[in-house]
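Asker: Any chance you can model this:
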Amino acid sequence: MPLLHTDWTAAQAIALPDDDNRYEVLDGELVMMPPPTWAHQVAVEQFYLLLHAYVREHALGWVKLSPSTVVLSERRLVQPDVFVVPRGEGAAPRDWSDITALLLAVEVLSPSTARRDRWQKRHMYQAFGAAEYWIVDTNARLVERWRPGDERPEVCSDTLTWAPAGSRATLSIDLTQLLAVVAGECE
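Answerer: Okay, the predicted model is just below:
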């Protein structure tokens with residue numbers, strides 16, 4: 001399969017030999033993901049830790065990190081920075097292909113991914129029916145919250161609350177504190 005192929009499927013990308021690169025398929029376009037920065041990974045870690053504790057305490061599902069493979073459709077394969085798979089009925093997914101729904105997808109912006117994250121991937125997550133999609137802008141110190149059908153985001157800069165279907169309690173994230181940690185201003 002030539003790498004110059006122009007109409008990729010998720011299956012073709014999954015079949016690529018492991019070359020230590022991360023790939024996504026965005027509407028048939030194969031996109032190589034750049035390596036993350038330190039601040040990006042600190043943000044991913046902070047969101048993962050908060051979400052993991054909350055999701056586990058309330059038995060809502062599973063929180064995972066990239067690298068991962070979430071197939072949204074035949075021509076759409078993404079690797080969200082952090083995501084939550086709902087518990088649903090039954091056991092945990094055994095394979096990435098078992099993921100058929102997302103309670104939440106979180107992408108931390110990088111200069112090279114911002115446009116795709118805000119436009120192309122947002123539309124893809126909304127079409128897939130992800131209950132929420134958070135775009136974390138560490139430079140602007142805010143989170144854009146998107147839900148299916150939204151034409152504009154809810155912009156959160158102080159506190160971000162999350163109460164997914166099935167939860168009995170709300171997760172409240174102090175964004176001011178979390179993004180100060182990401183900026184290296186405190187621990």
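Asker: from here on, contacts and neighbour counts on C-alpha atoms
Answerer: OK.
Asker: Helix or strand, whichever it is, which one in the chain has the lowest mean pLDDT?
Answerer: Across the helices and strands of the chain, the lowest-confidence element by mean pLDDT, DSSP states H and E is helix 114-115, at a mean of 88.
Asker: What lies in contact with it?
Answerer: Helix 114-115 is contacted by no other residue when judged by C-alpha atoms under 8 Å, 6 or more residues apart in numbering.
Asker: Tally up the residues packed near Ala43, please.
Answerer: By other C-alpha atoms under 10 Å, the residues close to Ala43 number 23.
Asker: Enumerate every residue touching it.
Answerer: Contacts of Ala43 by C-alpha under 8 Å, 6+ apart are 108, 138, 178-179, 182.
Asker: just Leu72 next, same as before
Answerer: Contacts of Leu72 (C-alpha under 8 Å, 6+ apart): 78, 100, 124-125, 128.
Asker: Secondary structure element holding it?
Answerer: strand 70-73 (DSSP states H and E).
Asker: Just the mean pLDDT for that strand, thanks.
Answerer: When pLDDT is averaged over strand 70-73, the result is 94.
Asker: what does stretch 14-25 give?
Answerer: 91.
Asker: got the CA positions of that stretch in PDB?
Answerer: Taking Å, rounded to 0.1, in the frame of the first residue of the first chain, the C-alpha atoms of stretch 14-25 are listed here in PDB:
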ATOM      1  CA  ILE A  14      -4.500   0.200  11.400                       C
ATOM      2  CA  ALA A  15      -2.700  -2.200   9.000                       C
ATOM      3  CA  LEU A  16       0.300   0.000   8.600                       C
ATOM      4  CA  PRO A  17       3.500  -1.400  10.000                       C
ATOM      5  CA  ASP A  18       4.500   0.000  13.400                       C
ATOM      6  CA  ASP A  19       7.000   2.800  12.700                       C
ATOM      7  CA  ASP A  20       6.700   4.600  16.100                       C
ATOM      8  CA  ASN A  21       4.600   7.300  14.600                       C
ATOM      9  CA  ARG A  22       1.000   8.100  15.500                       C
ATOM     10  CA  TYR A  23      -1.500   8.400  12.700                       C
ATOM     11  CA  GLU A  24      -5.100   9.600  12.400                       C
ATOM     12  CA  VAL A  25      -7.500   9.300   9.400                       C
END
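Asker: How about residues contacting it?
Answerer: Counting by C-alpha under 8 Å, 6+ apart, 8-10, 13, 30-34, 67, 75-79 sit against stretch 14-25.
Asker: cool, stretch 49-61 as well?
Answerer: Stretch 49-61 has contacts (C-alpha under 8 Å, 6+ apart) with 62-63, 84-88, 92, 166-168, 171, 173.
Asker: redo that, cut-off 7 Å
Answerer: Stretch 49-61 has contacts (C-alpha atoms under 7 Å, 6 or more residues apart in numbering) with 62-63, 84-87, 167, 171.
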